[in-house]
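Engineer: the sequence and its predicted three-dimensional model are supplied below.
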Amino acid sequence: MSQQLSRRQFGALALTGIGTTFLLAGCGTSATPSAGGASSTAAAGDAFKKATLNFEWWTNPVRSAYTDKIIQAYTQAHSKVTVDQAPGQWATYWTKLSTQVAGQTEPDVIQMDQAYIAEYGGRGALLDMSKVASIDLTPLKSSLAAGTLDGKLYGIPTGNNAYGIAANKTLFDKAGVDVPDDKTWTWDDYLDICQKLKKGSGGAFTGSSWQSSDQDLQLWLHQHGQQLYTDKGKLGFTTGNLASWFTMVKKFFDAGDGPTPDQFTTDVSAALEQTLFGTNKLALGWMWSNQVTAYQQNNGGDLVLLRPPSIAGAATKNGVYYKPSMYWSIGSQTKYPAQAGGIINYFLNDTSSAKLQLAERGVPVNPKVLAVVKPMLSATDQQGVKYLEDIKSEIKWVPPVPPKGTSTVATVLQRHTQDVIFGRAKPADAATAFKTEVQGLIDSAA
């Protein structure tokens, strides 16, 4: 998921020192700011010393409930540590965080997304957690490269994840439509099923919609032998293949087998529990594997997680990949790096914590934690684990970390998608405009 920061917001951050060296006035620990991000040797023994931590994350009702329980258990066991919780909604989370960093009120513990590792870490707003001894990194080694930039560990993945599409079997049954074979279905099959769902429901619900985000585009481009970015931080696609994506999306909306353009515009920024899929207005919903339980608890449907469709009708060619569901990061302005590391370590490596969060933030990376959690998972969470296991042999690639400057790309793509589906731009023109705009974001961040 990637709700984005505007260029103007990051301009404000630059004025306050991001991209140069943070001046952490009044820092009462061994944290020493350095160019490109603060780093410190935060002694493990300091983890439980007196501190008040500001802890922020984007959330849904499921995540809010168990996160509060974990934090309460931690602070009861370590009474000198106080945690001020600040859960937020995805649509406003990044705007708030950018304002806090600019105003020198950055949270100590930050739930981070891959799209922002380069933006925040590369501009000096995140601590290098490889120097925070209160976090045991040994059982997490297999995941750490995904949060490392220029040799600094700016984010530790909370768990593994993969993109897919959930079928609400309850609604499929009502419409008299069979759930597709996700190993062989094509985009034409996908569009045909959406049409059958709308017709079979009598208009009570429709087929599907898009997040219209970078992960959707990544799959399409990879199916065409291209990718959004190269490992050198360059654009890795042609306008022709991007135009073919917009053409397919326009065909879908023109057929009326999903939401109206106005509904799409609202849906892409809605909280999970208010989305069309979350409220049983759609029978197919694009999502990350860790979101299945939250959606199921909200819409009450019998959900089945499916592989994305492909052009070739082959699972090995659908472009799916593993992605950290989200990350834990420490703000470089923190006065308490060891204490922030201590609670992050609890979330990642403690089995009592794991028994509360299960797989909602992704399938645990720590093998011992996963072994404890797996038997406890709900049927929908078990689906998420099984999905990751099922696609393991089919995964052929891992997208590079998005280059600095590209955190707004999902919003940019959604805007150009709206231009296409509202008829304000032809697919080819939207593709050219999108590519030019994203290249400009990369150039301006260089």
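Structural biologist: Received the coordinates, thanks.

Engineer: so where do the helices sit in the stretch 201-350 of the chain?
Structural biologist: In the stretch 201-350 of the chain, the helices defined using DSSP state H, counting those that start in this stretch lie at 214-223, 239-255, 261-267, 292-299, 337-349.

Engineer: who does the third one touch, helix- and strand-wise?
Structural biologist: So that's helix 261-267. Contact analysis of helix 261-267 by 3 or more C-beta pairs under 8 Å, 6 or more residues apart in numbering; DSSP states H and E lists helix 409-421 as its packing neighbours. Every C-beta, even on glycine, is put in place using the N, C-alpha and C of the backbone.

Engineer: distance of Thr436 relative to Pro402?
Structural biologist: For Thr436, the distance to Pro402 equals 18 Å [C-beta to C-beta, to the nearest Å].

Engineer: repeat for Lys196
Structural biologist: According to C-beta to C-beta, Lys196 and Pro402 sit 36 Å apart.

Engineer: domains in the protein, as residue ranges please.
Structural biologist: According to automatic domain parsing, the chain is divided into the following domains: 7-158+324-385, 163-322+398-445.

Engineer: any idea how far the longest one is from the chain center?
Structural biologist: It stands for domain 7-158+324-385. Offset of domain 7-158+324-385 from its chain centre (C-alpha atoms, centre = their mean, to the nearest Å): 14 Å.

Engineer: tell me the mean pLDDT over that domain?
Structural biologist: Model confidence over domain 7-158+324-385 averages 84 on the pLDDT scale.

Engineer: thinking again about what came up before, for Thr436 and Pro402, indicate the residue with more neighbours.
Structural biologist: Pro402 (21 against 10; other C-beta atoms under 10 Å).

Engineer: residues near the nearest residue to the more buried one once chain neighbours are set aside, how many?
Structural biologist: Nearest non-adjacent residue to Pro402, counting by C-beta to C-beta, 6 or more residues apart in numbering: Ala115, 5.6 Å away. When neighbours are counted by other C-beta under 10 Å, Ala115 registers 22.

Engineer: which SS state does Ala115 fall under?
Structural biologist: Under DSSP: H, G, I helix; E, B strand; the rest coil, Ala115 falls in the helix class.

Engineer: that one against Lys404, yeah?
Structural biologist: No. The pair Ala115 / Lys404 is not scored as a contact, 10.7 Å apart, by C-beta atoms under 8 Å.

Engineer: circling back: what's the closest of the domains of the chain to Ile391?
Structural biologist: Minimum separation from Ile391 across those (C-beta to C-beta) falls at domain 163-322+398-445, 5.6 Å.

Engineer: what's the span of that closest one from first residue to last?
Structural biologist: Start and end residues of domain 163-322+398-445 are separated by 28 Å (C-alpha to C-alpha, to the nearest Å).

Engineer: and the nearest residue to His222 once chain neighbours are set aside, backbone torsions?
Structural biologist: Leaving aside its chain neighbours, His222 sits nearest to Gly319 (3.3 Å; criterion: C-beta to C-beta, 6+ apart). Backbone torsions for Gly319, taken as degrees, to the nearest 10, come to phi 80, psi 10.

Engineer: which residues touch Gly319?
Structural biologist: 218-223, 308, 310, 397 (C-beta atoms under 8 Å, 6 or more residues apart in numbering).

Engineer: show me what counts as buried in whatever helix or strand Ala73 lives in.
Structural biologist: Using DSSP states H and E, Ala73 sits within helix 61-77. Residues of helix 61-77 classed as buried: 62-63, 66-67, 70-71, 74 (neighbour count, 16 or more other C-beta atoms under 10 Å).
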